[in-house]
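>>> Have a look; sequence and predicted model below, questions after that.
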Amino acid sequence: QVQLVESGGGLVQAGGSLRLSCAASGGTFSNYAMGWFRQAPGKERQFVAAIRSGGATYYADSVKGRFTISRDNAKNTVYLQMNSLKPEDTAVYYCVADVWSRGSRWSGSYWGQGTQVTVSS
C-alpha cells in the first residue's frame, strides 16, 4: 500500500508561484508513474500533470507552460512547480501514484489527502 502526503499549498496572489511536494512511502516509488490532479468546488476532478518513471511528462492544456512536474527518486518525492497562477487554478490538489491513461482519460491507483491552493485576484 502506498501512502502519499502532500504539502506546499496555501494562499497566493494571481501571478504568484507555489511549489507542491508529495512524499511517498510504502511502495517502490521509482517504478510508479506519478501525477497531480485537482478539484475545484462544484467541478469534476481534473488531470493536471504526470511524470513517468523514465521521466516523460504530460500536462493538461490549461497548465502547459506554467506548471512543471518533477520527481526525486532518491527522496521518494514528486513536485509540482506552479508559476503564473490564476484564480481559476484554485482547487484542492491531489498527488497520485500509479497514474495511468486510457485515451484522454487519466486516473491513478493511490491518492493523497489533498492540499488546498487558493489564488486571489
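Done, it's in.

>>> so what's the residue nearest the centre of the chain scoring on pLDDT?
By CA atoms, centre = their mean, the chain has its centre lying nearest to Trp36, at 2.2 Å. On pLDDT, Trp36 comes in at 98.

>>> And Asn73, by the same measure?
pLDDT recorded at Asn73 is 95.

>>> To what extent is the nearest residue to it once chain neighbours are set aside buried, counted in neighbours?
With CB to CB, 6 or more residues apart in numbering as the criterion, Asn73 has its nearest non-adjacent residue at 4.3 Å, and that residue is Ser30. (Each C-beta comes from the backbone N, C-alpha and C, glycine too.) Around Ser30 there are 11 other residues, counting by other CB atoms under 10 Å.

>>> So what does Ser30 look like in phi/psi?
Main-chain torsions, Ser30, degrees, to the nearest 10: phi -60, psi -20.

>>> one step back: ok, the residue nearest to the centre of the chain to Ser121 distance?
23 Å (CB to CB, to the nearest Å).

>>> Leu20 too?
Using CB to CB, one obtains 21 Å as the distance from Leu20 to Ser121.

>>> Between those two, which has more neighbouring residues?
For the pair Leu20 and Ser121, the greater number of neighbours falls to Leu20 (23 against 9), based on other CB under 10 Å.

>>> That one touches Gly112, doesn't it?
No: using CB atoms under 8 Å, Leu20 is not in contact with Gly112; the gap is 10.1 Å.

>>> Quick check: neighbours shared by these two?
With contacts defined as CB atoms under 8 Å, 6 or more residues apart in numbering, the residues shared by Leu20 and Gly112 are 6, 95.

>>> can you give me the strands for this protein?
3-7, 10-13, 18-25, 34-39, 46-51, 57-59, 67-72, 77-82, 91-102, 105-111, 115-120 (DSSP state E).

>>> Tell me the buried residues in the last one?
Of the residues in strand 115-120, those buried under the neighbour-count criterion (16 or more other CB atoms under 10 Å) are 115, 117, 119.
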